[in-house]
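Q: generate coordinates for the sequence data below:
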Amino acid sequence: MSLKIAVMAVNLAHNLLLWQSLLRQLLEVCKVQAAGSYHLATTQVDWAKMGKRGFHHNVYVVELDHAVLREARFLRCNPDYRPGALCVYIGMTGLQPDERFDKHKAGIRANRFVERYGLRLLPQLYECFNPMPFEAACELEVELGIEFRARGFGVWQA
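A: Residues are numbered from 1 along each chain as shown. Predicted structure coming up:
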């Protein structure tokens, strides 16, 4: 029993270190955005020139219950999943993220994994980017998925 608890403690500590590292990186991106622009792969958006007024697309991240790991399709798409790491769904929407999450949970144009296994939104991972133009949202959704998978997270994207 004590070995099991020790292993769980090590996994939790490892997850905490991953979260801290990820949040540090995201905060750096947020600081750059606050300074007037941010860079996504090949797209440079200058908020000062364009203004945020017309932007209404949002990227959002939903934490999924680890029961999602019983789904063969989810596991096939996450061959590098590190046991104990978070499972997340990454999406984009023209609505506010909390509105979209409520619709997922209600079964309205819902992703199956979010409807069944969605626990909560993780705004600390996305709110510094929102709102943004459609093209930037498309690109950021993909880039977040790549980054989270590289860190061993279980990721689902529609």
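
Q: check what pLDDT residue 93 gets.
A: Per-residue pLDDT puts residue 93 at 94.

Q: check contacts around it.
A: Going by Cβ atoms under 8 Å, 6 or more residues apart in numbering, residue 93 touches 57, 58, 60, 99, 100. Quick note: C-beta positions are derived from backbone N, CA and C, even for glycine.

Q: how about low-confidence regions in this protein?
A: Confidence mapping of the chain against pLDDT under 70 gives the ranges 1-54.

Q: go with 50
A: Scanning the chain for pLDDT under 50 picks out 1, 6-7, 29-45, 47-51.

Q: as a check, name the ranges of all helices in the chain.
A: For the chain, applying DSSP state H gives helices covering 2-34, 47-50, 72-76, 97-106, 112-117, 134-150.

Q: in the fourth one, what's buried?
A: By neighbour count, and taking 16 or more other Cβ atoms under 10 Å as the criterion, the buried residues in helix 97-106 are 97, 100, 101, 103, 104.

Q: which of those lies closest to residue 71?
A: residue 104 (15.9 Å; Cβ to Cβ).

Q: how near is the closest residue to the closest one other than its chain neighbours to residue 91?
A: Once flanking residues are discounted, residue 104 sits nearest to residue 114: 4.1 Å by Cβ to Cβ, 6 or more residues apart in numbering. Look at residue 114 and residue 91: by Cβ to Cβ, to the nearest Å, they are 8 Å apart.

Q: any residues in contact with both of the two?
A: residue 62.

Q: before we move on, back to that, can you pick out the most distant pair from the contacts of residue 93?
A: 57 and 99 (13.1 Å).

Q: give me the phi and psi angles of residue 153.
A: phi -70, psi 150 (degrees, to the nearest 10).
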